[in-house]
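>>> Need coordinates for the below:
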Amino acid sequence: EGHSQDINCVDISADSTLLASGSLDSTAQIWNLETGKLMAGPFKSIGSVGAVRFSPDSNKLAVKLDWGMCLEVWNTR
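Model prediction:
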C-alpha cells in the first residue's frame, strides 16, 4: 500500500470522507480519511500525476498528468 515515489497532489471529497493522492510513481489512490485505509486504486496512469480532483458525488476521479494535456477520468466505485 502507498505510493513508491513522492506525492505531487491531493484532493478531499466533498463530504470530507475520502482523500485522493497522485504521485510521481504514475498512480492515483483513494484513502478513507477516518481509517487511513486504501479504498480504491492504485489507478495506473501513463505518466507522473500532477493533479487529482473528485467529481461532486465522488464517483469519479479526474487525473491530470504532470506534463502535457492528458486528462484521465476513473470510476471510483
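>>> Which parts of this protein are strands?
7-12, 18-23, 27-32, 38-44, 49-54, 60-65, 71-75 (DSSP state E).
>>> what comes up buried for the first one?
Read that as strand 7-12. Residues of strand 7-12 classed as buried: 8, 9, 11 (neighbour count, 16 or more other CB atoms under 10 Å). Where you see a C-beta, it was placed from the backbone N, CA and C, and this is true even at glycine.
>>> pLDDT of it, averaged?
Per-region confidence: strand 7-12 scores 96 on mean pLDDT.
>>> between it and strand 60-65, how big is the angle?
With axes from the mean of the first three to the mean of the last three CA atoms, to 10 degrees defining the directions, strand 7-12 sits at 160 degrees from strand 60-65.
>>> gap between strand 7-12 and the chain center?
7 Å (CA atoms, centre = their mean, to the nearest Å).
>>> Could I get the contacting residues of the nearest residue to residue 19 once chain neighbours are set aside?
Once flanking residues are discounted, residue 19 sits nearest to residue 31: 4.7 Å by CB to CB, 6 or more residues apart in numbering. Neighbouring residues of residue 31 by CB atoms under 8 Å, 6 or more residues apart in numbering: 18, 19, 20, 21, 37, 38, 39.
>>> Now tell me what touches stretch 70-77 from outside.
Residues outside stretch 70-77 that contact it (CB under 8 Å, 6+ apart) are 18, 28, 30, 40, 43, 45-47, 54, 58-65.
>>> Do me a favour and average the pLDDT over it.
Stretch 70-77 shows a mean pLDDT of 90.
>>> Of all the strands of the chain, which one is nearest residue 1?
Of all these, strand 38-44 sits nearest to residue 1, with 5.1 Å by CB to CB.
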